[in-house]
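Enquirer: What would the 3D arrangement of this be:
(chains A, B and C)
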Amino acid sequence: MEVRLKELSARLAVPLRGDGEAVVSRVAQLAKADSRSLTFLGDARYRDYLPETRAGAVVLTEKDAALAKVPVLISENPYLTYARAARILHPDAPIAGGVHPSAVVDPRARIDPSAWIGPTAVVEAGAVVEARVFVGPGCILGEGVCVGEDSRLVARVTLCAGTVVGKRALMHPGAVIGREGFGFARDGALWVRIPQIGRAVLGDDVEIGANTSVDRGAIEDTVIGNGVKLDNHIQIGHNVVIGENTAIAANAGISGSTRIGRNCTIAGAVGMAGHLEIGDDVHFTGMAMVTRSFTQAGSYSSGIPAMPSGDWRRNVARFRHLDELARRVKQLEAAIEAMNAKKGQGES
Amino acid sequence: MEVRLKELSARLAVPLRGDGEAVVSRVAQLAKADSRSLTFLGDARYRDYLPETRAGAVVLTEKDAALAKVPVLISENPYLTYARAARILHPDAPIAGGVHPSAVVDPRARIDPSAWIGPTAVVEAGAVVEARVFVGPGCILGEGVCVGEDSRLVARVTLCAGTVVGKRALMHPGAVIGREGFGFARDGALWVRIPQIGRAVLGDDVEIGANTSVDRGAIEDTVIGNGVKLDNHIQIGHNVVIGENTAIAANAGISGSTRIGRNCTIAGAVGMAGHLEIGDDVHFTGMAMVTRSFTQAGSYSSGIPAMPSGDWRRNVARFRHLDELARRVKQLEAAIEAMNAKKGQGES
Amino acid sequence: MEVRLKELSARLAVPLRGDGEAVVSRVAQLAKADSRSLTFLGDARYRDYLPETRAGAVVLTEKDAALAKVPVLISENPYLTYARAARILHPDAPIAGGVHPSAVVDPRARIDPSAWIGPTAVVEAGAVVEARVFVGPGCILGEGVCVGEDSRLVARVTLCAGTVVGKRALMHPGAVIGREGFGFARDGALWVRIPQIGRAVLGDDVEIGANTSVDRGAIEDTVIGNGVKLDNHIQIGHNVVIGENTAIAANAGISGSTRIGRNCTIAGAVGMAGHLEIGDDVHFTGMAMVTRSFTQAGSYSSGIPAMPSGDWRRNVARFRHLDELARRVKQLEAAIEAMNAKKGQGES
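Expert: Numbering: from 1, shown residues only, chains lettered A, B, ... in the order given. Predicted structure coming up:
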């Protein structure tokens, strides 16, 4: 989308230094931006590119603004301003309301006329699709599902019966929301499946990545708070509760009934046991193994970073006997203390 | 479903204490149950709720039965009795036989008249769908697939050509069964794909979670035993064999040709190398890294639980030199032994 | 497919010892092969089966050739020769060009007449499907997607708008290519989504496993090189670049902007942080946690292999204090040095 710099400056509420009539129509990397591109300085290492950039405009801090010879949008947080500008220049495609003839919509579903139901999508009885919702090709909305205004189901999203999705959701292909959770009682060696009658309830502004699963609750609901962002391949077990604006990176897994606070960041491939309590502003680094509750804000980690395989084998062999090693150190300390004591006596 | 307590007592074969004419119609949590709800005491911590519960009935042990003022179903294993009651109160929806007009069924497929083929499902030539099978929207049954009686493919399940599914399976959206496994021979730097001509064969009463994959065998079959339960996002490599009633939690991965025994439990995100032999009644805790065979029954673990990131960094730095540390301890022991020996000589 | 041994010998360019008129029609395991089966010796442990095999033919090294009483194809690399033979005996099904009536193809898409668009597939405007491409049931090709000659999308593959796939790709069910990556700028506690305008670009001869995701780039493209093989459940973040012939096993995750060289092997469930540089011929063993760049060719590892849970608990408890243990060892060394120094003085 073509936007004049003076208009961009106004919409972003940041000052412009340079020609307000100039037009940009896309974003680009600093080193590759042309006169139609907006760019930004995201990493100080690239500052050397600034004097030579031919970008249509650059988002910079006040401090860096003098380094560029092209128009500058001045921001205290260039990355955030860039993000907002990018959304203006690259808006989501507008949605034309309607139902594709190949879609299968139960007459007992309620579809807002401004919503779009794409090719081969299936919408079952009692489902409610609110205004300006985009239901992409191959999506399946089970019985009684509700999807709030302006949500976008890109393609092949499955919402199982009873799932509730808030406003402005963004859901990617392969997402499965509201599957019956993994709950069994043991009958000797056999497993007796327990019906899962809770729902999966997602707040507003939630993002769900590709091939990510959120299981429905066993009795009560699984709850994903407003503004929660889930990357790809994430498993959310039944009755998990995730607080507002918590973000979880790909391949993480949260076991059943764990409660996670607000504004947490959970890096890739983190695994959490079930029935834990995680506080607000808790951060886990990649591949952390979370086996107990962490209620205090802070950063937590685990795992052994990769090293040459030979070193690893030697160190791991020692780890198998670490408890014994610690006992030996204690014996050594006792032996030395005894020797010193004896020597002390000898000297006295 | 509404059920009188006396009927529930009879069907569950457990004694009832209280009004047999009272009716329950759903399950609920102990603290929230109303007069139409059945509940149970699953955790001793909630025993304080018992005297005040207004539930229609509670499943309790003989020992706890006196604590509740409402009708009680008495069971040695309240959780199991509750699970069975929940299945009576919340039965799977009945299946009306037929083929949705939007489904694409090859005329050479054989569909039992009591089975249901849902909207946009695809059933290819030679597939066999037995009595009372539910094939949900968007499912794909490749050539020659067989699905046994009373199985339920919730939605968007993909069964690749030749896959065999037993009776009473429950398969969730995104499951992919019978994909050609990951098998290559190296030709210098290039990879030459090896055709995978084995099948994926699933026994009876198998559950397959959302976005879980079971690869077909290279030459022989991949075999999932009766009663095996697989959670979401699990990878089962080619030629894996899993024994009866083994349960595997989400995000686990089992590499090719590994054989797992019966009645094992494999927790979330466990990874197993290929060509291993795992015995019966073997249990792995979450995120365990399984690099060798474990044929003895028992519980096995690995991984470093999360700790504050600062502590972790310091400990990990030491782990990199753990072998050296162990050698230093050995030297210290030798030094002290030498000193004691010398001192002994001095004293003698 | 039936093939005479003399023809197989010629096509594989390996010598035949035995009756060239004999016919084989399939591959089989050494112990189970019958007179119509080709087999090979892949593991020296199975050499004892050779004298008794009734196979139609065996692929063997020159050294082993005399052990079998049946026809032998002689190869320096029996596994590679077997792989090639298997592809001759079990060829991919031929593709009949056309569009299934239930497929939804935008008139602005260009489909080569020799390509097949299967049942319920969706092809959007501007997509290009080249010669002999197989688009299986339930696949979705977004706007402007290009798929090169002879590629095979087995079923239910989703290619998001703009994705480019080279020639001879093999893509499995549940694969999601070109999803908008996980990119946000923080606005206080809120996350502002950054439009992802790069593409996912896959070279020739790429394989993508079931339920694997490759995100599109933020500004520049995500690039998967020629001959790259990705197993199931793999996450490839935005702007990742993977060099030619690198193979990645199931459940691995590569975070955004990491660059991986050529001919690497990355085992199952490996996790890589973002913005790393991995050289050519680098190999990571299973579950390795990659938190820094590795530019030197070699093998790298991490993780603690599973052990009995009791041992593990004791060792892990010590790991929490490993830094302290190392300090204590240092103090012990100092104490002994001091004692030896004093003793030395005493003795002098």
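Enquirer: Can you pull the domain assignment for chain A?
Expert: Taking automatic domain parsing as the reference, chain A has its domains at A:3-89, A:98-300, A:309-347.
Enquirer: nearest to B:A68, of the ones you listed?
Expert: domain A:98-300 (18.3 Å; C-beta to C-beta). For every residue, glycine as well, the C-beta is placed using N, CA and C.
Enquirer: and that closest one, how far apart are its ends?
Expert: 48 Å (C-alpha to C-alpha, to the nearest Å).
Enquirer: The closest residue to A:F182 other than its chain neighbours: how many residues sit nearby?
Expert: Distances taken as C-beta to C-beta, 6 or more residues apart in numbering or on different chains place B:D231 nearest to A:F182, at 4.4 Å, with adjacent residues excluded. Using other C-beta atoms under 10 Å in any protein chain shown, B:D231 has 30 other residues around it.
Enquirer: so what's B:D231 up against?
Expert: With contact taken as C-beta atoms under 8 Å, 6 or more residues apart in numbering or on different chains, B:D231 is in contact with A:182, A:235, B:209, B:212, B:247-250, B:252, B:268.
Enquirer: what about 7 Å?
Expert: Counting by C-beta atoms under 7 Å, 6 or more residues apart in numbering or on different chains, B:D231 makes contact with A:182, B:209, B:248-250.
Enquirer: Quick check on those residues: which are buried?
Expert: With burial judged by 16 or more other C-beta atoms under 10 Å in any protein chain shown, the buried subset of the contacts of B:D231 is A:182, B:209, B:248-250.
Enquirer: I'd like those written out as a markdown table, with distance to A:R328, pLDDT and secondary structure added.
Expert: Formatted as a markdown table, the buried ones among the contacts of B:D231 follow (distance: C-beta to C-beta, whole Å; pLDDT from 0 to 100; DSSP: H, G, I helix; E, B strand; the rest coil):
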| residue | distance to A:R328 | pLDDT | secondary structure |
| --- | --- | --- | --- |
| A:F182 | 44 | 94 | coil |
| B:G209 | 46 | 98 | coil |
| B:I248 | 39 | 98 | strand |
| B:A249 | 37 | 98 | coil |
| B:A250 | 40 | 98 | coil |
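Enquirer: On the pLDDT front, check the residue nearest to A:F182 for me.
Expert: Note for B:D231: predicted pLDDT of 98.
Enquirer: Tell me the spacing between it and chain C.
Expert: Relative to chain C, B:D231 is positioned 13 Å away (C-beta to the nearest C-beta, to the nearest Å).
Enquirer: and the stretch 201-348 of chain A, which residues reach chain B?
Expert: Within the stretch 201-348 of chain A, the positions near chain B by C-beta under 7 Å from any C-beta of the partner chain are A:211, A:213, A:219-220, A:233, A:235, A:237, A:253, A:255, A:271, A:273, A:284-285, A:288-292, A:298-305, A:307, A:314-315, A:318-319, A:325, A:328-329, A:332, A:335, A:339.
Enquirer: secondary structure class for the residue lying closest to A:A31 once chain neighbours are set aside?
Expert: Counting by C-beta to C-beta, 6+ apart, A:Y49 is the residue found nearest to A:A31 once chain neighbours are left out, at 5.3 Å. Classification of A:Y49 by DSSP: H, G, I helix; E, B strand; the rest coil places it in helix.
Enquirer: now the helices: where do they sit in chain A?
Expert: Secondary structure of chain A (DSSP state H): helices at A:5-12, A:78-89, A:309-319, A:322-347.
Enquirer: and the last one, what does it pack onto?
Expert: Translated: helix A:322-347. Judged by 3 or more C-beta pairs under 7 Å, 6 or more residues apart in numbering or on different chains; DSSP states H and E, helix A:322-347 is in contact with helix B:322-347, helix C:309-319, helix C:322-347.
Enquirer: And for the first one?
Expert: With contacts defined as 3+ C-beta pairs under 7 Å, 6+ apart, the secondary structure elements packing on helix A:5-12 are strand A:16-17, strand A:72-74, helix A:78-89.
Enquirer: want to throw these into JSON lines with mean neighbour count and mean pLDDT?
Expert: Formatted as JSON lines, these follow (neighbours: other C-beta atoms under 10 Å in any protein chain shown; pLDDT from 0 to 100):
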{"stretch": "strand A:16-17", "mean neighbour count": "19", "mean pLDDT": "98"}
{"stretch": "strand A:72-74", "mean neighbour count": "23", "mean pLDDT": "97"}
{"stretch": "helix A:78-89", "mean neighbour count": "22", "mean pLDDT": "96"}
